[in-house]
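1. please work out how this folds:
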Amino acid sequence: MTDYSHSLMFGALLEPPADRAQEVLVLADLMEEVGLDVVSLSDHPYWPQRLDTMALLAAMAARTERITVMPNLANLPLRPPALLARTAATLDIISAGRFELGLASGAQQMWDLIVANGGPRRNAGESVEALEEAVRIIRALWSSQSAVTFEGKHYRLAEVNPGPRPAHDIGIWLGAYQPRMLRLVGAVADGWVPSSPFLPPEALAGANRVIDDAANAAGRTPEAVRRGYNIEGRFSSGSGSGFLDGSPEMWAEQLADLVLTHGISTFFLYRADSADFIRRFAEEVAPATRVLVAAERSSDTATPTGSTAERRTET
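-> Model (predicted):
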């Protein structure tokens, strides 16, 4: 049983199609209205049929007052780390500390499109190296008191003035599936965000072990990494036969089990595009999941759960 005792967060991963810009903004408004915690956008800057993720997140931040906004996940090969650092800091400032940075190395099947749009071509090992360098650069530009110089294999900075400074300590969330990338999550990341269609629930335990071992090896604690999950499912009558295929009550039971057994504490509806679906998730699933988890945690007082290790990415 692995419960890292983080507070629960619920949200959605929205898609930003260019022909439905206002609909996406309205969905973000709805998410805040119904009490969800975080709205996120996928990032595919090589697809012209998509709006720019960062620009759309800025619009969402300007329209809302409470909900956290984040890319899920920003495409590093087409968004250099120095630019990402300043964009993220700007979004955090204008949202009064409501921005989190999700970051990905680039999907292997998209490299032709990335290269066609002016990005580099990297193999799996190079992608991990570049992502690690990017995290170091971004954090330095957010926090350094002096000019930043960096000599890496993939990125170089020469006496770059840092800033602007974010409004809060922005968490960096990484998408990861393979062992080397999972080890990077444990060593340097504030959050981890896989997707259930690509990493099913039965694979979470093994991935968590890799992250935890890497965190310990880096002198961190496993609780230093908040575990997120993009979840795909449907509401249906009857008991259903698989993951998130059934009633809201079944959803709540399965999500609570993910919290208590695998330490998942942030849930994003995967590619949500229906107001009714989002509202039902917010009003029926999220509260019921919170109740189940709170009851289990309160009944387990004999076993310490490390509840003091709350992450800096809490909202």
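
2. mind listing what's buried in the one helix or strand residue 128 maps to?
-> Element membership of residue 128 [criterion: DSSP states H and E] is helix 124-143. By neighbour count on 16 or more other CB atoms under 10 Å, the buried set for helix 124-143 is 127-142. (C-beta placed from N, C-alpha, C; glycine too.)

3. for stretch 243-252, same thing?
-> Buried, per 16+ other CB under 10 Å, within stretch 243-252: 243, 244, 245, 246, 247, 248, 250, 251, 252.

4. show me where this structure has its helices.
-> Secondary structure of the chain (DSSP state H): helices at 21-33, 53-63, 81-94, 111-116, 124-143, 179-188, 204-217, 248-262, 275-280, 286-299.

5. export these to TSV and tack on mean pLDDT and distance to residue 39?
-> Below are the helices of the chain laid out as TSV (pLDDT from 0 to 100; distance: least, CB to CB, whole Å):
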stretch	mean pLDDT	distance to residue 39
helix 21-33	96	5
helix 53-63	97	6
helix 81-94	98	12
helix 111-116	96	25
helix 124-143	97	22
helix 179-188	98	23
helix 204-217	98	24
helix 248-262	97	18
helix 275-280	97	10
helix 286-299	97	14
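
6. can you redo those helices as CSV with distance to residue 164?
-> Formatted as CSV, these follow (distance: least, CB to CB, whole Å):
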stretch, distance to residue 164
helix 21-33, 24
helix 53-63, 14
helix 81-94, 5
helix 111-116, 28
helix 124-143, 9
helix 179-188, 22
helix 204-217, 30
helix 248-262, 35
helix 275-280, 33
helix 286-299, 34
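
7. right, and the ones you listed - which one's nearest residue 43?
-> Among the helices of the chain, the nearest to residue 43 by CB to CB is helix 53-63 (4.1 Å).

8. which other helices and strands contact that closest one?
-> Counting contacts by 3 or more CB pairs under 8 Å, 6 or more residues apart in numbering; DSSP states H and E, helix 53-63 is packed against helix 21-33, strand 38-41, strand 68-71, helix 81-94.

9. could you dump the ones you listed to TSV with mean neighbour count and distance to residue 107?
-> Converted to TSV, the helices and strands packed on helix 53-63 look like this (neighbours: other CB atoms under 10 Å; distance: least, CB to CB, whole Å):
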stretch	mean neighbour count	distance to residue 107
helix 21-33	17	22
strand 38-41	27	16
strand 68-71	26	14
helix 81-94	20	17
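
10. which of these sits closest to residue 267?
-> With CB to CB as the criterion, residue 267 lies closest to strand 38-41 of the helices and strands packed on helix 53-63, at 9.5 Å.

11. measure stretch 276-287 end to end?
-> End-to-end distance for stretch 276-287: 16 Å, by CA to CA, to the nearest Å.

12. next: stretch 214-227.
-> Using CA to CA, the end-to-end distance of stretch 214-227 comes out at 15 Å.

13. chain center to that stretch: distance?
-> 17 Å (CA atoms, centre = their mean, to the nearest Å).

14. repeat that for stretch 260-268.
-> How far stretch 260-268 lies from its chain's middle: 12 Å, per CA atoms, centre = their mean.

15. give the buried residues for that stretch.
-> Buried, per 16+ other CB under 10 Å, within stretch 260-268: 260, 262, 263, 264, 265, 266, 267, 268.

16. can I get those residues in JSON lines with distance to residue 55?
-> Formatted as JSON lines, these follow (distance: CB to CB, whole Å):
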{"residue": "260", "distance to residue 55": "39"}
{"residue": "262", "distance to residue 55": "35"}
{"residue": "263", "distance to residue 55": "34"}
{"residue": "264", "distance to residue 55": "30"}
{"residue": "265", "distance to residue 55": "29"}
{"residue": "266", "distance to residue 55": "24"}
{"residue": "267", "distance to residue 55": "26"}
{"residue": "268", "distance to residue 55": "20"}
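
17. from those, which ones fall inside strands?
-> Those of the buried residues of stretch 260-268 mapping onto strands are 264, 265, 266, 267, 268, per DSSP state E.

18. for residue 206, which of the helices and strands packed on helix 53-63 is the nearest?
-> Across these, residue 206 has its closest neighbour in strand 38-41 (25.0 Å, CB to CB).

19. what mean pLDDT does the closest one get?
-> Strand 38-41 comes out with an average pLDDT of 98.

20. what lines up beside that strand in the sheet?
-> Strand 38-41 sits in its sheet next to strand 9-14 (parallel), strand 68-71 (parallel), going by DSSP bridges.

21. let's see the first one as CSV, backbone CA atoms only.
-> The one in question is strand 9-14. Taking Å, rounded to 0.1, in the frame of the first residue of the first chain, the C-alpha atoms of strand 9-14 are listed here in CSV:
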residue,chain,number,x,y,z
MET,A,9,-6.9,17.4,-6.9
PHE,A,10,-9.4,16.8,-9.7
GLY,A,11,-9.3,18.4,-13.2
ALA,A,12,-9.3,17.7,-16.9
LEU,A,13,-7.1,17.6,-19.9
LEU,A,14,-8.8,19.6,-22.6
